[in-house]
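**Student:** coords please:
(chains A and B)
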Amino acid sequence: MLCFIVATMRIKTAKIRWLMPALALLCVGWADSWDQLKTMAGTVTSVQAEFVQEKHLPILAKPLVSKGVFYYQAPRSLRWEYRWPVQSILAMHDSRVRRFVSTGASGFSEESGAGLEAMQVVLEEITQWLAGRFDDNPMFQAHLEPGRCIVLVPKDDAFRKVIQRIVLNLAQQPGVMQSVTIYESEDAFTQMTFSNTVLNATIDDSLFQRIP
Amino acid sequence: MKVVHLILFLALMPVACGHLPEIRTVDNSTAVGRTAGCADIFPRGQWQLVHAIEIFPPVGSKQTLLGIIQISSEQRTFHCVLMTIEGLVLFEADFDGAITIQRALPPLDMPGMAEGMLEDISLLFFAPEEPCVATGLSKEAAWICRYPSIDQGYQDIILQPDGRWEIRRYSQSHRLMRTIAPMAKEDLHADGLPSRVELTAHGLGGYRLRMSLMEAASVGR
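**Tutor:** Sure thing, here's the model as predicted:
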């Protein structure tokens, strides 16, 4: 028994020794500089995650909650899918954004109109973030803050009237985003929190092109 | 030449066809209770409602937006927000006798857009301001309450024998401008409000709004 305990302790010590450099890397962080971010995100070929979206408005006693999933494939394919309460899919492939909304029993139908152009900008921006290019867009002033936090502020006054700022919180795991908050004003904002993130899994291309 | 005739026909048709449905009056004791029932179709008190709104424009494909409205039936005031499913606020306004637009992104910043929305919202959620001027039965045996509107048009509230209701808005020239009706009689939200309502704007440039109630909360004072 004593031998077993000693052996177990040796194995644990050995494991800790092996883990130390990896833990040290995590403590140093993957988000201390723009270059680090790009390097770490460069290893990500695909991301899929679930999200909960909360819309906060002064008019609302409690936030309006939506839930869904998203899929990203490098370099620029994205499927942003709401599953509740309204079923809707935004799909971006080859720089083309399409929106499909469920019409109940008859399935999904394609929609256009107000907000789609803005969403094209947002989706393109998301693909840039997922590729670690947070400071590439000349429309935003990007600030890297302590605690794996990135703040993007629109440079243009007119744009700032639509979106005041965007706050990105990165997870401890390199390449993973924890939440995105888009502020329209101090008390009107949309917060998306991600969970069950899977990196570098194989995602079929058809997911970005074919809508059920 | 045929095109000119067609345009003239389309332009004059609404005026030529405008007429108010005939109302057959009944004895006064029946009328009082049923007239009160006409105003019962509107929410009373203060409510916060969230709808998924399918917009079918006169040209182009439909679009789905989310609409949040906080209304006070007594004050006849509301605060409304229209946003994309993704949460981008396209339009926000207050109405307390006058409309104050807090945010309007294109194309909802077009002249007349806010006023049009105000009229649709008032028609959907507020009982008529003016007292009823005529009540009775239609040819189809539906109960009709008729109210004058400030633009010298009329608003009819129609209660069908099967329990369905309909709102019809007529212009000064008796042209049908709007109809509103629940999409199914049995389709009621937990709070008694209809789960799905369709508003149709008639005439050239007409559109349809199909509104599905997602949340309804009575808001305390």
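**Student:** what's stretch A:77-89 in contact with?
**Tutor:** Applying C-beta atoms under 8 Å, 6 or more residues apart in numbering or on different chains, the contact partners of stretch A:77-89 are A:53, A:66-72, A:90-93, A:99-102, A:108, A:123, A:126-127, A:130, A:205, A:207-208, A:211, B:52, B:64, B:66, B:85-86, B:214. The way it works is simple: take the backbone N, C-alpha and C, and place the C-beta from them, glycine included.
**Student:** how about the residues of chain A that lie near chain B?
**Tutor:** A:53, A:55, A:57, A:59-61, A:64, A:66, A:80, A:82, A:85-86, A:88, A:90, A:101, A:103, A:109-115, A:118-119, A:122, A:162, A:182, A:184, A:188, A:190 (C-beta under 8 Å from any C-beta of the partner chain).
**Student:** Chain A - how does it break down into domains?
**Tutor:** Annotated domains of chain A cover A:1-28, A:31-209 [automatic domain parsing].
**Student:** The ones you listed: which one's closest to residue B:151?
**Tutor:** Proximity to residue B:151 (C-beta to C-beta) singles out domain A:31-209 among the domains of chain A, at 28.1 Å.
**Student:** quick one: the spatially most central residue of chain A and chain B, what's the gap?
**Tutor:** Taking C-alpha atoms, centre = their mean, the centroid of chain A lies closest to residue A:177, which sits 4.9 Å from it. Distance from residue A:177 to chain B, counting by C-beta to the nearest C-beta, to the nearest Å: 17 Å.
**Student:** Show the pLDDT at that residue.
**Tutor:** pLDDT, residue A:177: 90.
**Student:** Looks like it contacts residue A:166 (just checking).
**Tutor:** No. The pair residue A:177 / residue A:166 is not scored as a contact, 11.7 Å apart, by C-beta atoms under 8 Å.
**Student:** Excluding covalently adjacent residues, which one is nearest to residue B:34?
**Tutor:** In space, and not counting its chain neighbours, residue B:34 is closest to residue B:143: 5.1 Å by C-beta to C-beta, 6 or more residues apart in numbering or on different chains.
**Student:** Please name the residues that touch the one you found.
**Tutor:** Here residue B:143 is in contact with B:34, B:37, B:38, B:135, B:136, B:137, B:158, B:159 (C-beta under 8 Å, 6+ apart).
**Student:** By neighbours, which of these wins?
**Tutor:** The most crowded member of the contacts of residue B:143, judged by other C-beta atoms under 10 Å in any protein chain shown, is residue B:38 (24 neighbours).
**Student:** List phi and psi for it.
**Tutor:** Torsion angles at residue B:38 (phi, psi; degrees, to the nearest 10) stand at phi -60, psi -40.
**Student:** tell me, how many neighbours does the closest residue to it other than its chain neighbours end up with?
**Tutor:** Sequence neighbours aside, residue B:145 is the residue nearest to residue B:38 in space, at 3.6 Å (criterion: C-beta to C-beta, 6+ apart). Neighbours of residue B:145 under the rule other C-beta under 10 Å: 24.
**Student:** could you pull out the helices for chain A?
**Tutor:** Listed in chain order, the helices of chain A (DSSP state H) span A:2-28, A:34-41, A:116-130, A:157-162, A:206-209.
**Student:** which stretches of the chain aren't confidently modelled?
**Tutor:** Went with chain A since none was named. A:1-31, A:114, A:212 (pLDDT under 70).
**Student:** you looked at the wrong chain, it should be chain B
**Tutor:** In chain B, residues with pLDDT under 70: B:1-17, B:185-191, B:221.
**Student:** how about the strands in the chain?
**Tutor:** The chain I'm using is chain A. Along chain A, the stretches classed as strands by DSSP state E are A:46-56, A:64-73, A:77-84, A:88-93, A:96-102, A:108-111, A:140-145, A:149-154, A:165-170, A:177-185, A:188-199.
**Student:** wrong one, chain B
**Tutor:** B:46-56, B:63-72, B:77-83, B:89-95, B:99-104, B:134-137, B:143-148, B:154-159, B:165-170, B:176-182, B:196-201, B:207-218.
**Student:** would JSON lines of the ones you listed with distance to residue B:128 be doable?
**Tutor:** As requested, these are exported to JSON lines (distance: least, C-beta to C-beta, whole Å):
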{"stretch": "strand B:46-56", "distance to residue B:128": "18"}
{"stretch": "strand B:63-72", "distance to residue B:128": "15"}
{"stretch": "strand B:77-83", "distance to residue B:128": "16"}
{"stretch": "strand B:89-95", "distance to residue B:128": "16"}
{"stretch": "strand B:99-104", "distance to residue B:128": "19"}
{"stretch": "strand B:134-137", "distance to residue B:128": "12"}
{"stretch": "strand B:143-148", "distance to residue B:128": "4"}
{"stretch": "strand B:154-159", "distance to residue B:128": "5"}
{"stretch": "strand B:165-170", "distance to residue B:128": "9"}
{"stretch": "strand B:176-182", "distance to residue B:128": "13"}
{"stretch": "strand B:196-201", "distance to residue B:128": "16"}
{"stretch": "strand B:207-218", "distance to residue B:128": "20"}
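**Student:** Compute the distance from the centre of stretch B:55-68 to the centre of its chain.
**Tutor:** Chain-centre distance of stretch B:55-68: 16 Å, with C-alpha atoms, centre = their mean, to the nearest Å.
**Student:** For it, list the C-alpha coordinates in PDB.
**Tutor:** Taking Å, rounded to 0.1, in the frame of the first residue of the first chain, the C-alpha atoms of stretch B:55-68 are listed here in PDB:
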ATOM      1  CA  ILE B  55     -43.100  42.500 -42.600                       C
ATOM      2  CA  PHE B  56     -44.400  41.800 -46.200                       C
ATOM      3  CA  PRO B  57     -43.500  45.000 -48.100                       C
ATOM      4  CA  PRO B  58     -45.200  46.000 -51.400                       C
ATOM      5  CA  VAL B  59     -41.900  45.200 -53.200                       C
ATOM      6  CA  GLY B  60     -39.200  42.700 -52.200                       C
ATOM      7  CA  SER B  61     -39.000  39.900 -49.800                       C
ATOM      8  CA  LYS B  62     -40.400  39.700 -46.400                       C
ATOM      9  CA  GLN B  63     -38.400  40.700 -43.300                       C
ATOM     10  CA  THR B  64     -38.700  39.600 -39.700                       C
ATOM     11  CA  LEU B  65     -38.000  42.000 -36.900                       C
ATOM     12  CA  LEU B  66     -38.600  42.000 -33.200                       C
ATOM     13  CA  GLY B  67     -40.900  44.700 -31.800                       C
ATOM     14  CA  ILE B  68     -41.000  45.700 -28.100                       C
END
